[in-house]
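Engineer: With the input below, show me the fold.
(2 chains)
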2 protein chains.
Amino acid sequence: MQIVSENACFGGVQGVYTHTSEACGCDMTFGLFMPEEAKDGPVPVLWYLSGLTCTHENAMAKAGAQGWAAEQGIALIFPDTSPRGDDVADDDAYDLGKGAGFYVNATQAPWAPHFRMWDYIAEELPALATSEFAIDPERQAITGHSMGGHGALTLAMNLPGRYKSVSAFAPISHPTTGDWGRKQLSAYLGDDEAAWAPHDATLMMREAGFAGPVLTDTGTNDQFIDLLKPEALAEAVNARRQQAILRLQPGYDHSYFFVSTFMEDHVTFHAEALYAG
Amino acid sequence: MQIVSENACFGGVQGVYTHTSEACGCDMTFGLFMPEEAKDGPVPVLWYLSGLTCTHENAMAKAGAQGWAAEQGIALIFPDTSPRGDDVADDDAYDLGKGAGFYVNATQAPWAPHFRMWDYIAEELPALATSEFAIDPERQAITGHSMGGHGALTLAMNLPGRYKSVSAFAPISHPTTGDWGRKQLSAYLGDDEAAWAPHDATLMMREAGFAGPVLTDTGTNDQFIDLLKPEALAEAVNARRQQAILRLQPGYDHSYFFVSTFMEDHVTFHAEALYAG
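Structural biologist: Numbering: from 1, shown residues only, chains lettered A, B, ... in the order given. The predicted structure is shown next:
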């Protein structure tokens, strides 16, 4: 692992690091905010998964999360959204290939060798982060935006016990039925839709639910709301009687101005779960 | 004036607007955050002047100021740092020409026709903003980062009564004596250093001071600190017995991670002055 940069930030350190990823078969870069409290021992961590077109950098620079994480003594980890490099397959569309890993392990050519973002986020990066930094593996929570909200929700429900809480900003909530989902799941996973089901938050909510609190925010003016399908997740949450707070925020859109507005609420929400026991 | 974008943000609106600037002889773009309170009448405004290479966009996206401004009911205005367009002179260096207007009215070729950022910030943009938006011209304050801190301090001391308070993040504090200053002031204003003096915060502090509170933050690990010369401003502030808080922040550098860390303090500082009377 190599240090790309480390900047003092809200009493802690905002770092950027690269490492050779076995899961993705390429070098990967991630951002990590460590609060001042990490000097005294392991701290809880909140994962932030980003959306289409993003790298590790967008949320780190624009989501305004570090101040609230510093207040709570929580680390933040900002992974990239896909494998990178000249020998990694790509597509001309913004929503397939680089910047659009969708948090799955691809099984189909040309994506299969590198596009293994599920294993990267679920296994490799947590192992690296908890061994290299003062992060408590027993106190993890997860959030994300858009495609990253999809990733946060599906990881949380597929890995029971891993995360104390899950939240999402404008998550892609039912990808097996929409244009943000069918295209990518068929490209990465093939045409057998049975393989898609673990990667659909609504289907996972129907099947499994989450043993902890759930929070989502979506703007009523989100320009992509028809692709996000918050109503499908709401129906599944209600049918299951899942502990959850599902909010529609008047006038907000899909941008980081929306994300930063509600970041304090999300960090506070996760802090309550991370420090409860 | 045309709307480029408007996004809901912390209960208010983060807008981006373009207009034809008479001062700069080109189209100019600025960001403006209006808090919810502006629906009920004019609100105070805090100017944020950006540093070298920036546009209106950097601070708007990365400084984390809107949440604190919303809490205080204050508007934020984010101007660009130079004239723009194909017929505007430029230089290969990052620190001269486009993105490096230095908040002066150039008198020298090839800069003179467009590089009139002083008039733009001091006269044209405030007139536009207070006529088009619910901003109270009697309650203005100003801050900035690096070159923008230089701009904030020099505007504040040259325009007595205009701003209730002035602050700066890592300001270029004594440009007539350093490489961030002599090069640009000589290019824009010519070799007669008498014309430079109003554009040097340390010289202005010696000559005039500021009839209100002053706050500056500079990181002890700022990689440009030898160019910033905070010690020169400190000496002038102390000699004058100027009301001021001059802080050196341990471990912080020149980045927006530094700026965002102390943004709450700066907005609170200005709010106290803007609402005091």
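Engineer: which residues in the stretch 1-150 of chain A form strands?
Structural biologist: Using DSSP state E, counting those that start in this stretch, the strands of the stretch 1-150 of chain A run over A:2-9, A:12-21, A:26-34, A:43-49, A:75-79, A:135-144.
Engineer: okay, those in TSV with mean neighbour count, mean pLDDT and distance to B:Asp217 next?
Structural biologist: Backbone N, C-alpha and C define where each C-beta goes, glycine included. What follows is those, written out as TSV (neighbours: other C-beta atoms under 10 Å in any protein chain shown; pLDDT from 0 to 100; distance: least, C-beta to C-beta, whole Å):
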stretch	mean neighbour count	mean pLDDT	distance to B:Asp217
strand A:2-9	16	98	12
strand A:12-21	19	98	17
strand A:26-34	22	98	20
strand A:43-49	27	98	26
strand A:75-79	26	98	23
strand A:135-144	22	98	30
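Engineer: quick one, which of these is nearest to A:Phe169?
Structural biologist: strand A:135-144 (7.2 Å; C-beta to C-beta).
Engineer: who does the closest one pair up with?
Structural biologist: strand A:43-49 (parallel), strand A:163-169 (parallel) (DSSP bridges).
Engineer: start to end distance for stretch A:115-135?
Structural biologist: 26 Å (C-alpha to C-alpha, to the nearest Å).
Engineer: what's the answer for stretch A:117-136, then?
Structural biologist: In stretch A:117-136, first residue to last residue: 22 Å (C-alpha to C-alpha).
Engineer: What is the neighbour count of A:Gly161?
Structural biologist: Look at A:Gly161: counted by other C-beta atoms under 10 Å in any protein chain shown, it has 8 neighbours.
Engineer: Over to the one 10 residues further on?
Structural biologist: Here the count is done by other C-beta under 10 Å, and A:Pro171 has 31 residues near it.
Engineer: Is it located within a strand, as I assumed?
Structural biologist: No. Counting by DSSP: H, G, I helix; E, B strand; the rest coil, A:Pro171 is not found in a strand; it is coil.
Engineer: give me every residue that touches it.
Structural biologist: A:144-146, A:148-150, A:152-153, A:201, A:216, A:218, A:228, A:230, A:233 (C-beta atoms under 8 Å, 6 or more residues apart in numbering or on different chains).
Engineer: List phi and psi for it.
Structural biologist: Per-residue torsions, A:Pro171: phi -70, psi 150 (degrees, to the nearest 10).
Engineer: if we can go back for a sec, distance to A:Met263 for the contacts of A:Pro171 - can I get that in JSON lines?
Structural biologist: Below are those laid out as JSON lines (distance: C-beta to C-beta, whole Å):
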{"residue": "A:Gly144", "distance to A:Met263": "12"}
{"residue": "A:His145", "distance to A:Met263": "10"}
{"residue": "A:Ser146", "distance to A:Met263": "15"}
{"residue": "A:Gly148", "distance to A:Met263": "14"}
{"residue": "A:Gly149", "distance to A:Met263": "13"}
{"residue": "A:His150", "distance to A:Met263": "19"}
{"residue": "A:Ala152", "distance to A:Met263": "14"}
{"residue": "A:Leu153", "distance to A:Met263": "18"}
{"residue": "A:Ala201", "distance to A:Met263": "21"}
{"residue": "A:Thr216", "distance to A:Met263": "14"}
{"residue": "A:Thr218", "distance to A:Met263": "15"}
{"residue": "A:Leu228", "distance to A:Met263": "19"}
{"residue": "A:Pro230", "distance to A:Met263": "19"}
{"residue": "A:Leu233", "distance to A:Met263": "21"}
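Engineer: residues contacting A:Met263?
Structural biologist: With C-beta under 8 Å, 6+ apart, A:Met263 has these contacts: A:63-65, A:68.
Engineer: Of those, which is the nearest to chain B?
Structural biologist: Lowest distance from chain B to the contacts of A:Met263 (C-beta to the nearest C-beta) belongs to A:Gly64, with 4.4 Å.
Engineer: and that closest one, what pLDDT?
Structural biologist: On the pLDDT scale, A:Gly64 is placed at 97.
Engineer: what's it in contact with, if anything?
Structural biologist: For A:Gly64, the contact set (C-beta under 8 Å, 6+ apart) comprises A:260, A:263, B:64, B:67, B:260.
Engineer: try 7 Å
Structural biologist: A:260, A:263, B:64, B:67 (C-beta atoms under 7 Å, 6 or more residues apart in numbering or on different chains).
Engineer: do A:Met34 as well
Structural biologist: A:12-13, A:75, A:133.
Engineer: how about those residues in a markdown table, adding distance to A:Leu274?
Structural biologist: Formatted as a markdown table, these follow (distance: C-beta to C-beta, whole Å):
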| residue | distance to A:Leu274 |
| --- | --- |
| A:Gly12 | 16 |
| A:Val13 | 20 |
| A:Ala75 | 10 |
| A:Phe133 | 16 |
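Engineer: Out of the contacts of A:Pro171, name the ones that lie in helices.
Structural biologist: In helices, defined here by DSSP state H, the members of these are A:148-150, A:152-153, A:201, A:228, A:230, A:233.
Engineer: Per-residue confidence, A:Gly277, what does it come out as?
Structural biologist: Reported pLDDT for A:Gly277: 65.
Engineer: So which bits of the stretch 51-200 of chain A are right by chain B?
Structural biologist: Within the stretch 51-200 of chain A, the positions near chain B by C-beta under 7 Å from any C-beta of the partner chain are A:61-62, A:64, A:67.
Engineer: Just the ones of those residues in helices?
Structural biologist: Going by DSSP H, the helices hold A:61-62, A:67 from these.
Engineer: With distance to A:Leu52 and neighbour count added, can I get the residues you listed in CSV?
Structural biologist: Listed next are those as CSV, based on distance: C-beta to C-beta, whole Å; neighbours: other C-beta atoms under 10 Å in any protein chain shown:
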residue, distance to A:Leu52, neighbour count
A:Ala61, 17, 20
A:Lys62, 15, 19
A:Gly67, 26, 22
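Engineer: quick one on the thing from earlier: export the strands paired with strand A:135-144 to JSON lines and append columns for distance to B:Ile245.
Structural biologist: Shown next, in JSON lines, are those (distance: least, C-beta to C-beta, whole Å):
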{"stretch": "strand A:43-49", "distance to B:Ile245": "31"}
{"stretch": "strand A:163-169", "distance to B:Ile245": "36"}
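Engineer: what residue ranges in chain A score low on pLDDT?
Structural biologist: Applying pLDDT under 70 to chain A flags the ranges A:277.
Engineer: re earlier: of the contacts of A:Pro171, just say which sits nearest to chain B.
Structural biologist: A:Thr218 (12.5 Å).
Engineer: For burial, what's the neighbour tally of that closest one?
Structural biologist: So A:Thr218, with other C-beta under 10 Å, has 26 neighbours.
Engineer: Just grab the bridge partners of it for me.
Structural biologist: Note on A:Thr218: beta-bridge partners by DSSP bridges are A:Leu248.
Engineer: That one against A:Leu228, yeah?
Structural biologist: Yes. At 6.4 Å, A:Thr218 and A:Leu228 qualify as touching, with contact defined as C-beta atoms under 7 Å.
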